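K.L.:
Sharing a model prediction with you, sequence too.
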Amino acid sequence: MSVQTRINNYRKTKTWVDVMPIATLVVLVILMSIGSPRFLLPANLLGLLSQSATLLVMGLGQTFIILLGSIDLSIAPVAAMATIIAAMLIPDLGYGAFVVALLYGAFAGLLTGIIHTKARIPSFIATLGAMGVWTGIGFIVSNATPISVSLANGHYLTWVTENTLGVSNVVYLALAILILTFVLENYTRFGRYVKAMGAGEKATYVSGVAIDRYKIYAFMLCSTLAAFSGILLSTRMSGGSARMADGFLMKAIAVVILGGTAISGGIGGVMRTFVGVLIVMVLDMGMNMAGVNPWFQQAVYGGIIILAVALTIDRSRISIIK
């Protein structure tokens, strides 16, 4: 069966998956509007977008990895390490600290991609190991202590924290990344090859595509965006910490899967992730309003991931479940 045939069959049997995320978002918004009539006020909606910016950027990077049919478990520690790098270097480098943090993210993705492709180690294990490495290094570099950006250097943070035309700059930045990744996904060779590899890696390899190279590119993009999300966290929290990105990993995976991107790869995209982010943020707001225990919220997202995978996975491509 050809790759295109698999995709067509998947679309025919899973067309409802395209509708389900949007329908879920609409239902949640209606319920929230009933529970809180002020929910749909422009100020609240802009606040929702501002709160979701960091998660959106991290989820967009994860989208390309899941489109491959892989997973990256190291994004939260990479983001946390980026907060530490930015906070530590701002006094000496100013805006250059953010560049160093982004370069670190690209380097982290490069290492992970090389380990995954050249050592032939499954992405789950490669990134699980990377998660431990970057977590440990983050605690060592920061001495397990939060690092603050002084008021004297606060002006280096305003490009994220201030507003333009009544809208937080972080919203513009997140939407710019969304547009950039949308273009990468739909109008570049990289985006086409990522989806092709997710739909059928062997067929893509036979067609002459440099599989390993584009996988490494995908991991570099994912880690760079994770680092950028760490920069957003660092500027908004005025500091850095090895724990600053805790809780983002599960949500970043949840928004991709909940948006309708198949965990088996090949089907999905960044716009679906955007819908997934809005669902999670509205759900977050609803659970907080209802006074749901934060630890139980983690259990809820774990259940959401299982349910979303069960609904979107293409079982015709998996003969044995391990």
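P.N.:
Received it, and whenever you're ready, just let me know what you need. Numbering: from 1, shown residues only.
K.L.:
can you give me the helices for this structure?
P.N.:
Counting by DSSP state H, the chain has helices at residues 3-13, 15-35, 42-67, 75-93, 96-118, 123-142, 158-161, 169-187, 189-199, 201-206, 211-237, 248-258, 270-289, 294-312.
K.L.:
Can you give me the buried ones in the longest one?
P.N.:
Neighbour counts over helix 211-237 (16 or more other CB atoms under 10 Å) mark 211, 214-237 as buried. Heads up, the C-betas are built off the backbone N, CA and C, glycines and all.
K.L.:
Could I get the buried residue list for stretch 193-201?
P.N.:
Tyr193, Val194, Lys195, Ala196, Met197, Gly198, Ala199, Gly200, Glu201.
K.L.:
same thing with stretch 32-41?
P.N.:
For stretch 32-41, using 16+ other CB under 10 Å, the buried residues are Met32, Phe39.
K.L.:
same deal with stretch 175-187?
P.N.:
Applying 16+ other CB under 10 Å to stretch 175-187 flags Ile177, Leu178, Thr181, Phe182, Leu184, Glu185 as buried.
K.L.:
Quick one: mean pLDDT over that stretch.
P.N.:
Across stretch 175-187, pLDDT averages out at 96.
K.L.:
repeat for stretch 231-251
P.N.:
pLDDT averaged over stretch 231-251 gives 92.
K.L.:
and it, how far apart are its ends?
P.N.:
End-to-end span of stretch 231-251 (CA to CA, to the nearest Å): 18 Å.
K.L.:
Just give me how far that stretch sits from the chain centre.
P.N.:
13 Å (CA atoms, centre = their mean, to the nearest Å).
K.L.:
got it, and stretch 71-89?
P.N.:
In this view, stretch 71-89 has its centroid 13 Å away from the chain centroid, taken as CA atoms, centre = their mean.
K.L.:
Buried residues in it, which are they?
P.N.:
71-89.
K.L.:
Tabulate the buried residues of stretch 193-201 in a markdown table, adding columns for pLDDT.
P.N.:
Shown next, in a markdown table, are the buried residues of stretch 193-201 (pLDDT from 0 to 100):
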| residue | pLDDT |
| --- | --- |
| Tyr193 | 94 |
| Val194 | 95 |
| Lys195 | 93 |
| Ala196 | 92 |
| Met197 | 93 |
| Gly198 | 91 |
| Ala199 | 87 |
| Gly200 | 88 |
| Glu201 | 87 |
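K.L.:
Return the closest of these with respect to Ile137.
P.N.:
Comparing the buried residues of stretch 193-201 against Ile137 with CB to CB places Val194 closest, at 28.6 Å.
K.L.:
In stretch 56-74, which of the residues would be classed as buried?
P.N.:
Buried, per 16+ other CB under 10 Å, within stretch 56-74: 56-74.
K.L.:
Let me fix that, I meant to ask about stretch 105-124.
P.N.:
Neighbour counts over stretch 105-124 (16+ other CB under 10 Å) mark Gly105, Ala108, Gly109, Leu110, Leu111, Thr112, Gly113, Ile115, His116, Thr117, Ser123 as buried.
K.L.:
Can you tell me which of those lies closest to Gly268?
P.N.:
The closest of these, once distances to Gly268 are taken by CB to CB, is Ser123, at 16.5 Å.
K.L.:
any idea how far the nearest residue to the closest one once chain neighbours are set aside lies from Thr112?
P.N.:
Closest residue in space to Ser123, ignoring its immediate chain neighbours: Ser70 at 3.7 Å, by CB to CB, 6 or more residues apart in numbering. Note on Ser70: its distance to Thr112, by CB to CB, to the nearest Å, is 10 Å.
K.L.:
can you check Leu68 too?
P.N.:
Leu68 is 13 Å from Thr112, where distance means CB to CB.
K.L.:
Then Pro294?
P.N.:
Counting by CB to CB - Pro294 and Thr112 are separated by 30 Å.
K.L.:
now do Leu283
P.N.:
Taken as CB to CB, the span from Leu283 to Thr112 is 30 Å.
K.L.:
same deal with Phe248?
P.N.:
For Phe248 relative to Thr112 (CB to CB), the value is 17 Å.
K.L.:
If you drop the residues flanking it in sequence, what lies closest to the residue positioned nearest the centre of the chain?
P.N.:
By CA atoms, centre = their mean, the chain has its centre lying nearest to Gly59, at 1.6 Å. For Gly59, ignoring the flanking residues on the chain, the nearest one in space by CB to CB, 6+ apart is Val255 at 4.3 Å.
K.L.:
quick one: pLDDT of Ala39?
P.N.:
Quick fix: residue 39 reads Phe, not Ala. 73.
K.L.:
For the nearest residue to it once chain neighbours are set aside, give me its contacts.
P.N.:
Leaving aside its sequence neighbours, Phe39 sits nearest to Met32 (CB to CB, 6+ apart; 4.6 Å). Met32 sits next to Phe39, Val282, Met285, Gly286 when contact means CB atoms under 8 Å, 6 or more residues apart in numbering.
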